[in-house]
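Give me a 3D structure for the following:
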Amino acid sequence: MIAPIVNTGIQTAKYCNVAGLGVLIFDYFLTVEPEVRWTWDGRWNVARVLFLISRYMAFVAAGMTAYAAIATRDNEDCSHFSAASNAIHIISIVAAEGLLIIRTYAFWKQSKRLLAILLVLAAISIACAVSITQVVGNLMAAPVDPSAPPTSNCTFEAGRSSAIQYGFLVAYELCRDILFPSHLGAIFQSHPQC
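Got it, this is the predicted structure:
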């Protein structure tokens, strides 16, 4: 007899999140020596702070996600844990994006105009992602049955509207990444010895 398939998608997501934490730890040990050489002896500046936030907050975020994925908690209030986890993920993503903006700014010979465009585009992407996600989340929310027994909000799942945030992130990344290689091509054409 074949066992019924129950929540295979959730179980797969749990495995993928734990595996992602393992890959993050593996990557850390592969890159710790260059990090020490290039980062720890330098002076403190915005790029270094953004690097450290994006590098180490990712461990906290991945750890919280892995914990949320594998922990079984019935009839608990996990709203504070979920809010903290979301905030840490957002801080990590914003720090990583800040590093990529600084890199693009440096390769474009510190063009103030490009920096302004990237910052405005980032602000618009964040505002649209958050506001549209809230609107869609509210429209798709199922009405609560007051006679139903209390349930836990600790399930490891997200609403469909969560994908909207990542869609805006992808769109922003594509805009920025189109600018980056186009300028690198111009640099290599003007300096054929590179």
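
does Y15 count as helix, strand or coil?
helix (DSSP: H, G, I helix; E, B strand; the rest coil).

Next: the one 3 residues further on.
Taking three-state DSSP as the rule, one finds V18 in the helix state.

check contacts around the closest residue to it other than its chain neighbours.
Among residues not flanking V18 along the chain, A66 sits closest, at 5.0 Å (Cβ to Cβ, 6 or more residues apart in numbering). In this view, the C-beta of every residue, glycine as well, is placed from N, C-alpha and C. Applying Cβ atoms under 8 Å, 6 or more residues apart in numbering to A66 gives the contacts 17-18, 20-21.

Could you dump these into JSON lines and include neighbour count, distance to G42 and pLDDT?
Putting the contacts of A66 into JSON lines (neighbours: other Cβ atoms under 10 Å; distance: Cβ to Cβ, whole Å; pLDDT from 0 to 100) gives the following:
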{"residue": "N17", "neighbour count": "18", "distance to G42": "33", "pLDDT": "79"}
{"residue": "V18", "neighbour count": "15", "distance to G42": "34", "pLDDT": "82"}
{"residue": "G20", "neighbour count": "14", "distance to G42": "29", "pLDDT": "85"}
{"residue": "L21", "neighbour count": "20", "distance to G42": "28", "pLDDT": "85"}
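
Return the distance of the helix or strand hosting the residue nearest to V18 from the chain's centre.
Following DSSP states H and E, one finds A66 within helix 46-70. How far helix 46-70 lies from its chain's middle: 9 Å, per Cα atoms, centre = their mean, to the nearest Å.

ditto for stretch 126-141
With Cα atoms, centre = their mean, you get 17 Å for stretch 126-141.

sorry, back to before: and the residue nearest to V18, what's its pLDDT?
You'll see A66 listed with a pLDDT of 81.

For the remainder of this discussion, apply numbering that starts at 785.
New numbering, starting at 785: the last item is A850.

orientation of the helix or strand harbouring F813 relative to helix 830-854 in degrees?
Taking DSSP H and E as the definition, one finds F813 inside helix 792-822. In terms of direction (axes from the mean of the first three to the mean of the last three Cα atoms, to 10 degrees), helix 792-822 departs from helix 830-854 by 150 degrees.

buried stuff in helix 792-822?
797-798, 801, 805 (16 or more other Cβ atoms under 10 Å).

List just the nearest of the residues you listed to N870.
Proximity of those to N870 was ranked by Cβ to Cβ; the top entry is N801 with 14.6 Å.

contacting residues around the closest residue to the closest one other than its chain neighbours?
Of all residues not flanking N801 in the chain, A853 sits nearest, at 4.4 Å (Cβ to Cβ, 6+ apart). A853 makes contacts with 797-798, 801-802, 940, as judged by Cβ under 8 Å, 6+ apart.
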